[in-house]
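Student: Quick one: sequence plus predicted model below, questions after.
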Amino acid sequence: MKLTTMTQVTIDGVMQGNGAASDDRRNGFERGGWALGKGDDETRTFITETYQRAEAFLFGRRTYELFAGSWGSIGQMRAHPIGVALNEAPKYVASTTLTAPRWDNTTMLRGDLTAAISELKAKPGGDLQVHGSGALTRWLLENDLVDEMTLIVIPVILGQGTRLFPETGPDLALDLVESRVDSKGVTIQVHRPRYARA
Ligand SMILES: Nc1c(N[C@@H]2O[C@H](COP(=O)(O)O)[C@@H](O)[C@H]2O)[nH]c(=O)[nH]c1=O
């Protein structure tokens, strides 16, 4: 499988609390919900089709729990095409703290994460998709495991919140695979990292 990430970020690179203000108030964050209703229909279709294409999903603990409590639990969300894709596909969670995953079709990845993810990547098939999961995405980039990275850039400067990319991290060159701007100014960028060590 090809490991792909999809993250909504602001112009200043924040990824915290894109969906709802209540999702994540860590570190006094109070400007959540910045991505809600921002893209146009074409962007929404792009996002939905991305989820539908997934062979499997890989999550960090926090995003897994947020998704399990929404896409996995609320009837209307389960019935949405994104909900259907998420509920049907196998889900993997990288966490050392989560003991009892509450969503069907979930496998916990413990121990040697590099080996576990390399094994998943070696399986035939389509996308192993990571959504949200900032800590995991940073770790995957640090460990040269991301094959393709989609950024959905929302035209706001938030001025607070956790950034997707760390203050200190890997130095990566990216090949642009696809980019487009929608009618509301939301930019979609698909990049392939070119790892120096690859
Ligand atoms: N940007 C963005 C999300 N954003 C945020 O990711 C955070 C969870 O990951 P972590 O940083 O590992 O704690 C949490 O603040 C959530 O609001 N989540 C998504 O599913 N999709 C996205 O595009």
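Tutor: Perfect, thanks for sending it.

Student: who does the longest helix anywhere in the chain touch, helix- and strand-wise?
Tutor: Among all segments of the chain classified by DSSP state H, the helix with the greatest residue count is helix 41-53. Helix 41-53 is packed against helix 81-88, strand 127-131, strand 148-154, with contacts defined by 3 or more C-beta pairs under 8 Å, 6 or more residues apart in numbering; DSSP states H and E. C-beta here means a position set from N, CA and C on the backbone, and glycine is covered the same way.

Student: got the residues of this protein near the ligand?
Tutor: By C-beta under 6 Å from any ligand atom, the part of the chain that sits against the ligand consists of 7-8, 15-19, 23-24, 60, 62-63, 131-136, 162.

Student: Could you list the low-pLDDT ranges of the protein?
Tutor: Judged against pLDDT under 70, the low-scoring parts of the chain cover residues 197-198.

Student: Find the centremost residue of it, please.
Tutor: Per C-alpha atoms, centre = their mean, the C-alpha nearest to the average position across the chain is that of H131, at 1.6 Å.

Student: Setting the sequence-adjacent residues aside, check what's closest to that residue.
Tutor: Counting by C-beta to C-beta, 6 or more residues apart in numbering, M6 is the residue found nearest to H131 once chain neighbours are left out, at 5.3 Å.
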